[in-house]
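# have a look at this prediction, sequence included:
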Amino acid sequence: MFTRSELEIKTVPELQDLCRRYGIRPTGSAAYKASYITSLLSFPLIAVNQMEEGRGLKSPTLASIQAFGSAIDEMNSPTAEQIALIRISLEGKRMRYPDRYNQEELLAWHMAKMKLEQVIALLGR
């Protein structure tokens, strides 16, 4: 991420800005460059170690991922007419009320299904 030499040429205010940008606290006294440099050099490894230990953000269980797949299967595939309505909706065209509510609901279901498919693709890495 950062090299020691890259950080050592920075001033304390520049190091403070970097720490603020990434939400990192200096280790030790905030008056010393070394406190900021130590934090900026170590946070990537600490973050990866925490992940490996199962702390903080972690992968969902296989059962959870399968639940996403089940939801996608349950949602089924749109008909030709529904695809056409989704396409025209994405172009910004809207039906008159009260049918607009159903149009927006169909579009929301389509978007949700697409997002679930993206979730499974991301988690399957």
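Yep, it's here.
# contacts, neighbours, all on C-alpha from now
Will do.
# show me the helices in the protein, by range?
Under the criterion DSSP state H, the chain contains helices at 4-8, 12-22, 33-52, 62-75, 80-90, 99-123.
# can you redo these as JSON lines with mean neighbour count?
Below are the helices of the chain laid out as JSON lines (neighbours: other C-alpha atoms under 10 Å):
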{"stretch": "helix 4-8", "mean neighbour count": "13"}
{"stretch": "helix 12-22", "mean neighbour count": "15"}
{"stretch": "helix 33-52", "mean neighbour count": "16"}
{"stretch": "helix 62-75", "mean neighbour count": "13"}
{"stretch": "helix 80-90", "mean neighbour count": "14"}
{"stretch": "helix 99-123", "mean neighbour count": "14"}
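# dump these into JSON lines; add mean pLDDT as well.
Below are the helices of the chain laid out as JSON lines (pLDDT from 0 to 100):
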{"stretch": "helix 4-8", "mean pLDDT": "97"}
{"stretch": "helix 12-22", "mean pLDDT": "97"}
{"stretch": "helix 33-52", "mean pLDDT": "96"}
{"stretch": "helix 62-75", "mean pLDDT": "95"}
{"stretch": "helix 80-90", "mean pLDDT": "98"}
{"stretch": "helix 99-123", "mean pLDDT": "96"}
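# count of residues packed around Ser29?
10 (other C-alpha atoms under 10 Å).
# pretty sure it contacts Ser35?
Yes: between Ser29 and Ser35 there is a contact at 6.3 Å, judged by C-alpha atoms under 8 Å.
# need the contact list for the residue nearest to Gln16 when sequence neighbours are not counted.
Spatial nearest neighbour of Gln16, excluding adjacent residues (C-alpha to C-alpha, 6 or more residues apart in numbering): Tyr36 at 7.0 Å. Residues counted as contacts of Tyr36 (C-alpha atoms under 8 Å, 6 or more residues apart in numbering) are Val12, Leu15, Gln16, Cys19, Arg25, Pro26, Thr27, Ala30.
# swap in 10 Å and give it another go.
Applying C-alpha atoms under 10 Å, 6 or more residues apart in numbering, we find Tyr36 in contact with 7-8, 12, 14-16, 18-19, 24-30.
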